[in-house]
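# I would like the atomic coordinates for the input below:
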Amino acid sequence: MRRLAIALLFTPLVGMAGLSLLAPVAHALPSSGSVPPDSAVDVTAVSEEGEVASDLAPVDVLQVSGLFDDVQVQSVKDAIVQAEENGSQALILQMSTEGAIVSNDDMRDLLQSVADAKVAIGIWVGPSRASRAYGVPAQLFGVADVTAMVAGSRIGYTSDLLTLDGAEVDLGPNAAQLENDSMSFAEARDAGVLKLDTTDEGVPTVRSMVLAMDGVTLDDGTVLDTVSQELGDDGTTQNVATLVRFTGLGLLEELFHTVASPPMAFLFFVIGVCLLIFEFFTAGVGVAGLVGAVLTVLGSYGLEALPTRTGALVLLGLSMLAFAVDVQVGIPRFWTGVGTVLFVLAALFLYEPIPGSDLRLGWFTLFVTVAGVMLTFIVGMPSMVRTRFATPTIGREWMIGSTGVAVDAISPDGVAQVGEAKWRARTNRATPIAAGAELRVVAIDGVTLEVEPAEGGARDYRERRAKHDAAASESGVEPEAAATDTP
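Predicted coordinates:
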């Protein structure tokens, strides 16, 4: 029964945790048209022999996705420094974002780093048609050397343009339209937002981006050289692209970047607190408590990084407290209903909107989380608590035959100490036990020990009493009344 209660408790939590892991796993999978990070390939794949031009400086590609947080901003800065140190001729930011959760000062510092970079910076919004460049990060288009988009992607909601060196970021003559609205790829191209002439198909892949950058002249007069021509074995001329190196966030950076997303921060915090409440109502500290503590810390980090409403955080904490009240009694009652209402309100109004995104939890995430919490606190934890306290925690049969000491005189009732514990004790009136005398436990009646002197006790007292009670019952005399006449 106890295993069943624990299984019922952990089923919704495991489901929530599994769903919470889907996003980082999907994020880590290579997208269509891309290759795994830290690989070096010939992106044109024109040469059957797989030759790579050795006389061209390489191009680095950094995958930038999700909200721009401290981790993502720092990764772009580090990628610029690394590209400069490695002698790369360009760094391409493969970007898909719906905004930034860092301050404007941090974004201004990033824009300045891109503008001052010694290598050419290219921004490509991709790899899918659903890719976006929203919020303040879209202003990177005004300071990058080369910009392009996948057909079907969008850019906009830049908010007020930041100022660099006394001048606003230049997004073209129609920049005002981007402050509170968005443009498609075709609209951005026609409005002069993009700095790379392309067809109506845009730039569909990283391969296309590298090829399109060949021959582009930068503001300082530098001409990008990303494709060279080589003579093949059959005497024909072949185009061979430069070496392309893909990089991304490290494992730890990826973890904190994922946690700083709205659904992950919420799920990690809720699951962590649920596990801590479960551990509080169990004896000792186990794996659930350790995992709960880690998830709570990660979730708290994410909530702190995101723009959250203080009132919603208070409601979230109060909801968990209300749930815990009914968990303690083992029956879902009034406080479970209060906790459910507070939890739903907290989830709905937890995040404040940012330019380009309102950060609200999706309906699927909200439904799964609320359902998991309801199952946990209505079915799982109450069953666990009832099972735990319904199970005897101390077996006393082992005490029969044990010896102890009378704490005070037992005649016929008193207190005896057996081992480290003190118990109520009772003995035969004919064999009283003095305080400090040694005794032996001969039977247990509920929480009262029946004892006799360790030496000289009436060993046959229980047998004589049983026979006497049986005889009294046959004669119609009350057993207790007959017992008082026993010598």
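# and Tyr351, what are its phi and psi?
In terms of degrees, to the nearest 10, the main-chain angles of Tyr351 are phi -110, psi 140.
# got it, and the one 5 residues further on?
For Gly356, the backbone dihedrals are phi 100, psi -20 (criterion: degrees, to the nearest 10).
# chain neighbours aside, what residue packs nearest to it?
Spatial nearest neighbour of Gly356, excluding adjacent residues (Cβ to Cβ, 6 or more residues apart in numbering): Tyr134 at 2.9 Å. In this view, the C-beta of every residue, glycine as well, is placed from N, C-alpha and C.
# how much space between the one you found and Ala288?
According to Cβ to Cβ, to the nearest Å, Tyr134 and Ala288 sit 39 Å apart.
# what about the two, which has more around it?
For Tyr134 and Ala288, the more surrounded residue by other Cβ atoms under 10 Å is Tyr134, and the numbers stand at 24 against 19.
# residues contacting that one?
By Cβ atoms under 8 Å, 6 or more residues apart in numbering, Tyr134 lies in contact with Thr97, Glu98, Gly99, Arg154, Ile155, Gly156, Tyr157, Ser182, Pro355, Gly356, Ser357.
# so it versus Met183, what's the distance?
11 Å.
# overlap in contacts of those two?
Shared contacts of Tyr134 and Met183, defined by Cβ under 8 Å, 6+ apart, are found at Arg154, Ile155, Gly156.
# hmm, which of those residues are the buried ones?
In the shared contacts of Tyr134 and Met183, burial by neighbour count holds for Arg154, Ile155, Gly156, counting by 16 or more other Cβ atoms under 10 Å.
# which residue packs closest to the last one, ignoring adjacent ones?
Among residues not flanking Gly156 along the chain, Ser182 sits closest, at 2.8 Å (Cβ to Cβ, 6+ apart).
# what score does that neighbour have for pLDDT?
In this prediction, Ser182 carries a pLDDT score of 92.
# burial of it, as a residue count?
Residues lying near Ser182 (other Cβ under 10 Å) number 18.
# quick one: contacts for it?
So Ser182 contacts Arg132, Tyr134, Arg154, Ile155, Gly156, Tyr157, Gly356 (Cβ under 8 Å, 6+ apart).
# for these, which one is nearest Ser228?
Closest approach between those and Ser228, by Cβ to Cβ: Ile155, at 32.1 Å.
# before we move on, what SS does that closest one have?
Following DSSP: H, G, I helix; E, B strand; the rest coil, Ile155 is assigned to strand.
# show me what the closest residue to it other than its chain neighbours is bridged to.
Of all residues not flanking Ile155 in the chain, Ala133 sits nearest, at 4.3 Å (Cβ to Cβ, 6+ apart). Note on Ala133: beta-bridge partners by DSSP bridges are Thr97, Ile155.
# quick check: Ala133 touching Met95?
Yes. Assessed by Cβ atoms under 8 Å, Ala133 is found in contact with Met95 at 5.9 Å.
# so what's the backbone phi/psi at Ser357?
Per-residue torsions, Ser357: phi -160, psi 140 (degrees, to the nearest 10).
# please name the nearest non-neighbouring residue to it.
Ser357 sits nearest to Glu98 (Cβ to Cβ, 6+ apart), 4.1 Å away.
# confidence-wise, which helix or strand of this protein is lowest on average?
strand 40-42 (a mean of 38; mean pLDDT, DSSP states H and E).
# I'd like the next helix or strand past it.
Next along the chain after strand 40-42, taking DSSP states H and E as the criterion, comes strand 59-65.
# need the overlap of contacts for Ala133 and Met95.
Residues touching both Ala133 and Met95 (Cβ under 8 Å, 6+ apart): Ile123, Val125, Leu140.
# in a markdown table, list the residues you listed along with secondary structure, pLDDT and neighbour count.
Formatted as a markdown table, these follow (DSSP: H, G, I helix; E, B strand; the rest coil; pLDDT from 0 to 100; neighbours: other Cβ atoms under 10 Å):
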| residue | secondary structure | pLDDT | neighbour count |
| --- | --- | --- | --- |
| Ile123 | strand | 94 | 28 |
| Val125 | strand | 93 | 28 |
| Leu140 | helix | 94 | 26 |
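# ok, the residues you listed vs Gly66, which is closest?
Val125 (13.9 Å).
# give the contact list for the closest one.
Met95, Ser96, Ser131, Arg132, Ala133, Ala148, Met149, Val150, Ser153, Ile155.
# repeat that for Leu62.
Ser75, Val76, Ala79, Leu91, Ile92, Leu93, Gln94, Thr247, Gly248.
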